[in-house]
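*Asks:* based on what follows, work out the 3D shape:
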Amino acid sequence: MPPMPKTDESAAEEIVRGVIRRITFRNPSNGYSVLKLNVADQAEGVTVVGTCIDAREGASVVVRGAYTKHPKFGPQLNAISIVEITPETAEGIEKYLGSGLIKGIGPKTAKLIVKRFGAETLEIIHREPERLAAVRGLGRKKALLLAEALRQQSEIREIMRFLVEHNVSTNLASRIYERYGSRAVETVTRDPYLLAREMRGIGFLTADTIALNVGLKPDSPQRLKAGLHYALEQASDEGHCFLSHEVLIRRARALLGLQDEYDLGDALRELLKEQYVVQKDDCYFLEDLARAEEFVAGFVARRLDPLKADNTNDADIQDALNKAEQELGLKFSAEQRQSVQYATHYQLMIITGGPGCGKTTVIRALTSVFSRLKRKVLLAAPTGRAAQRMSQVTSLPGSTIHRLLRFDPHRHAFLHGPNNPLPCDVLIIDESSMIDIRLARSLFSAVSAKTTLILVGDKDQLPSVGPGRVFADLISVPEVKTASLSQLFRRSEQSSINTIAHMINSGVLPNIPEPDGVTKTDGYFIAKNTPDEAATTIENLVADQLPRKFGFENTEISVLTPSNRGPLGTVELNRRLQARLNPALNGPTAEYYQLGETRFYPGDRVCQRVNNYNLHEAGVFNGDIGYVFSIDPNDRSLMVEMWDGRLIKYEQGEVGQLSLAYALTVHRSQGSEMPCVVLALNESHYNLLERQLLYTAVTRAKRLLVIVGSRRALAIATRRMESKKRGTMLRTRIKEICDPGAPRYEMDEEVEDAGTA
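*Replies:* Residues are numbered from 1 along each chain as shown. Below you'll find the model as predicted:
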């Protein structure tokens, strides 16, 4: 497939007026359209590609954009904006009215109307709609309906024109109109920052640009409040649930470009009054994060005591464990048996342990024992890969948490919740360290009062990408029943991956051998001090040396890196590896789909980067891995075969949710186990180098680990512990509920630093 058109930034911007002759393609979910326009002095018309809020054949439009030449489809206008205007000629009015604007009025009736009133038709419909009743077959009712439809269309056009004139993209303008309707202009003029607070995907910077374009002053109250709110949003992106007063004010001043002494007190008080921000002591939360912490704390506090009416005795449990051992062909350790026993007596139970400590075996034991006790068990995990692994080891269906809760795209909420709890007696969640405070609230709210919740994970892995550190916080509360697994089971005694992981976790620099042709181990270090040398080495390892020397298939090798950017980032590594690993690139007529600088070919390994609840009937979620199955050059779409075997069609407007996945960031690899891991580690990743990231990367490897980079970067990552510095008050809230008069928990020093420094 030839490359998709790419706007030449140096091309001159042009304004084109015309009438939509044909709608070649339109994605109703985002308005992305391919239109054919009739344009004066251009017999063949003009092909326009862009976002149009309500494309209709016969509509008159003004398009702002730049021409490009598509290698297959020829010249086309890449639209920055497409705005419908009122048609001016009788011919244009006739096509406009007959375009399906109102049910019952088609081309024939439109022709009769325009024949009677000519170029004054629209003016008459606006001012004297009753005159249309004289047209044969129309009648007074249809005439008034047509007048109302035209009024609404006129309103939409004026709103769109206003927004586009103030440098709002057509796609964003359509979303603003969909959200606010006739109040769109008033909302944007009065307080554009409401867009950032009330609309998904619109941030402070976009709203700030709009605000300054519509004339708001840099020190307007609306802008000051938005800066404070955005400072908290940025903090949540860093993992914090709150900021201290001092840090919040300092960050907001920097964002807004204000002097250090500028007083933001009134703006902060107004945000508190409007309940966009919540205060607890000297800490400030986004409203939803404060409510999420409160809910999770209450949920946990209600489940700390043993079950009062438990009909299961220890003898039954031991008998079930013995039968499970026979069935699974295993011998459970004392720790594992104790974990299962705890889980039968508490409604909230945490199981934690490092790599090879038997967490998966405990999950198998739990499902076997609870099944023998006639309890219905549901299994879930934050990622598809982890859920698939649970299914494989237990023979029970596993699901991602999002699929389990069943997202309703119409309500933007999960179907399962307090009024519709999950139908199970036991809910087991693996890789629980990945659960942020928002997801924890959604998940816990769907757990009934009679259901046992078991959270399994490794407390030393990276915390959730989203705000909070729920798993680690709950483990640090003594009253939460926790089983810590420490006995090593996985891998032989000669394996060094476990040793490397535990040394890193203890802050001890591991001595990882370099390949010398003699030493046989499952963990190697290849010293390459420059990023370019490391990237070339990684490319050769994956494409040649590891498959040849160790027998790995390409699909069994995963390249991990801390960053997306730079010579050792995912973008550059994916480009290199794609060129070496996908033979489709070398075919004489290779079809591909170009998105920006990235080309997708059949056979490419790809990763979903955001949650999309509408794609396919079950949705596709952040971190899902698949392969490009086929490319359709006619409707410009991709077919992707996902990890679970589903074939999912990505329309043109949805392809941007995919990225190549030959190389992944360490964060995106969480929840997965990989036969062979090649880890890039270099000082160029300095800001990201820290212990939990390194530990997480190392523990992804099942059979072979190869670290390529510098020893100094390894030392830096082993020493630093940045990811634990998160502002969270979950432990304190649990303590306050359990014993309001008792002294509060002191926040960990690292967490306290995050809130005050």
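*Asks:* every contact and neighbour count from this point should use C-alpha atoms.
*Replies:* OK.
*Asks:* surely Val300 meets Leu348?
*Replies:* Yes. Val300 lies in contact with Leu348 (C-alpha atoms under 8 Å); the separation is 7.4 Å.
*Asks:* more neighbours, the two?
*Replies:* Comparing Val300 with Leu348 by neighbour count (other C-alpha atoms under 10 Å), the higher total belongs to Leu348, at 25 against 19.
*Asks:* so where does the closest residue to the more buried one other than its chain neighbours fall, helix or strand?
*Replies:* Closest residue in space to Leu348, ignoring its immediate chain neighbours: Leu453 at 5.0 Å, by C-alpha to C-alpha, 6 or more residues apart in numbering. If you go by DSSP states H and E, Leu453 is part of strand 452-457.
*Asks:* can you report how many residues neighbour Val518?
*Replies:* Neighbours around Val518, by other C-alpha under 10 Å: 6.
*Asks:* hey, C-alpha coordinates of stretch 247-258 in CSV?
*Replies:* What follows is stretch 247-258, C-alpha atoms only, in CSV (Å, rounded to 0.1, in the frame of the first residue of the first chain):
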residue,chain,number,x,y,z
VAL,A,247,4.3,22.8,46.3
LEU,A,248,1.0,23.4,44.6
ILE,A,249,1.4,27.2,44.7
ARG,A,250,5.0,27.0,43.4
ARG,A,251,4.1,24.7,40.6
ALA,A,252,1.1,26.8,39.5
ARG,A,253,3.1,30.0,39.5
ALA,A,254,5.6,28.4,37.3
LEU,A,255,3.0,27.1,34.9
LEU,A,256,1.3,30.5,34.7
GLY,A,257,4.5,32.5,34.3
LEU,A,258,3.8,34.5,37.5
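*Asks:* so which residue is dead centre in this structure?
*Replies:* When C-alpha atoms, centre = their mean is applied to the chain, the residue found nearest the centroid is Val610 (3.0 Å).
*Asks:* who are the contact partners of that residue?
*Replies:* Phe621, Asn622, Gly623, Gln657 (C-alpha atoms under 8 Å, 6 or more residues apart in numbering).
*Asks:* next one, pLDDT for the second one please.
*Replies:* Right, the one you point to is Asn622. The score at Asn622 is 78. That number is its pLDDT.
*Asks:* quick one on the thing from earlier: how far away is the residue nearest to the centre of the chain from Glu325?
*Replies:* Distance of Val610 to Glu325, computed by C-alpha to C-alpha, to the nearest Å: 40 Å.
*Asks:* how about Leu595?
*Replies:* Taken as C-alpha to C-alpha, the span from Leu595 to Glu325 is 52 Å.
*Asks:* do the same with Asp41
*Replies:* In terms of C-alpha to C-alpha, Asp41 sits 82 Å off from Glu325.
*Asks:* which one's more surrounded, these two?
*Replies:* Taking neighbours as other C-alpha under 10 Å, Asp41 and Glu325 compare with Glu325 leading, 17 against 7.
*Asks:* may I have the distance across stretch 97-112, first residue to last?
*Replies:* End-to-end for stretch 97-112, by C-alpha to C-alpha: 11 Å.
*Asks:* thinking again about what came up before, so what sits against both of Val300 and Leu348?
*Replies:* By C-alpha under 8 Å, 6+ apart, the residues touching both Val300 and Leu348 are Val480.
*Asks:* break down the stretch 251-400 of the chain into its helices, ranges please.
*Replies:* Secondary structure of the stretch 251-400 of the chain (DSSP state H, counting those that start in this stretch): helices at 265-274, 287-301, 314-328, 334-345, 359-372, 384-394.
*Asks:* is Trp504 in contact with Tyr695, as I believe?
*Replies:* Slight slip there: residue 504 is Ile, not Trp. Yes. Counting by C-alpha under 8 Å, Tyr695 is a contact partner of Ile504 at 6.3 Å.
*Asks:* any regions of the stretch 251-400 of the chain where pLDDT drops low?
*Replies:* For the stretch 251-400 of the chain, the stretches with pLDDT under 70 are 308-312.
*Asks:* again, only this time at 80
*Replies:* 307-314, 316, 328, 355-357 (pLDDT under 80).
*Asks:* same question, the stretch 551-700 of the chain
*Replies:* 584-590, 596, 611, 613-619, 621-622, 633-636, 643-644, 652-653.
*Asks:* need the helices for it, in chain order.
*Replies:* Under DSSP H, counting those that start in this stretch, the stretch 551-700 of the chain gives helices at 570-581, 666-669, 691-698.
*Asks:* quick one: which of those is nearest Gln388?
*Replies:* helix 666-669 (14.4 Å; C-alpha to C-alpha).
*Asks:* contacts for that closest one?
*Replies:* Leu462, Val465, Leu560, Thr561, Pro562, Gly623, Leu693, Thr696, Ala697, Arg700.
*Asks:* list the residues that contact the closest residue to Glu683 other than its chain neighbours.
*Replies:* Among residues not flanking Glu683 along the chain, Ala713 sits closest, at 5.1 Å (C-alpha to C-alpha, 6+ apart). Each residue near Ala713 by C-alpha under 8 Å, 6+ apart is listed here: Leu681, Asn682, Glu683, Tyr686, Leu689.
*Asks:* likewise for Leu474?
*Replies:* Contacts of Leu474 (C-alpha under 8 Å, 6+ apart): Val480, Arg731.
*Asks:* wait, is it part of a strand?
*Replies:* No. Assigned with DSSP: H, G, I helix; E, B strand; the rest coil, Leu474 falls outside any strand and is helix.
*Asks:* and it, what's its pLDDT?
*Replies:* 96.
*Asks:* swap in Ile210?
*Replies:* So, for Ile210, pLDDT stands at 82.
*Asks:* I'd say it and Val168 touch.
*Replies:* Yes. Using C-alpha under 8 Å, Ile210 is in contact with Val168, at 7.0 Å.
*Asks:* what sits against Cys676?
*Replies:* Phe552, Glu556, Ile557, Ser558, Ala701, Lys702, Arg703, Leu704, Leu705, Val706.
*Asks:* so what pairs up with it in the strands?
*Replies:* Cys676 forms beta bridges with Ile557, Leu704, as assigned by DSSP bridges.
*Asks:* that one and Gly50: what is the separation?
*Replies:* From Cys676 to Gly50 the distance is 43 Å (C-alpha to C-alpha).
*Asks:* wait, a strand at the residue nearest to Glu683?
*Replies:* No. Applying three-state DSSP, one finds Ala713 to be helix, outside a strand.
*Asks:* what about it, distance to Thr536?
*Replies:* 18 Å.
*Asks:* quick check: closest non-adjacent residue to Phe285.
*Replies:* Phe242 is the one closest to Phe285 (C-alpha to C-alpha, 6+ apart), at 4.6 Å.
*Asks:* and that neighbour, how many residues sit next to it?
*Replies:* Count around Phe242 with other C-alpha under 10 Å applied: 31.
*Asks:* and His410, by the same measure?
*Replies:* His410 has 7 nearby residues by other C-alpha under 10 Å.
*Asks:* now it: which helix or strand?
*Replies:* With DSSP H and E as criterion, His410 is part of no helix or strand.
*Asks:* got phi/psi on Asp532?
*Replies:* phi -60, psi -40 (degrees, to the nearest 10).
*Asks:* residue contacts, the residue sitting furthest away from the middle of the chain?
*Replies:* Within the chain, the residue lying farthest from the chain centre (C-alpha atoms, centre = their mean) is Ala134, at 56.4 Å. Going by C-alpha under 8 Å, 6+ apart, Ala134 touches no other residue.
*Asks:* and it, what's its pLDDT?
*Replies:* Reported pLDDT for Ala134: 81.
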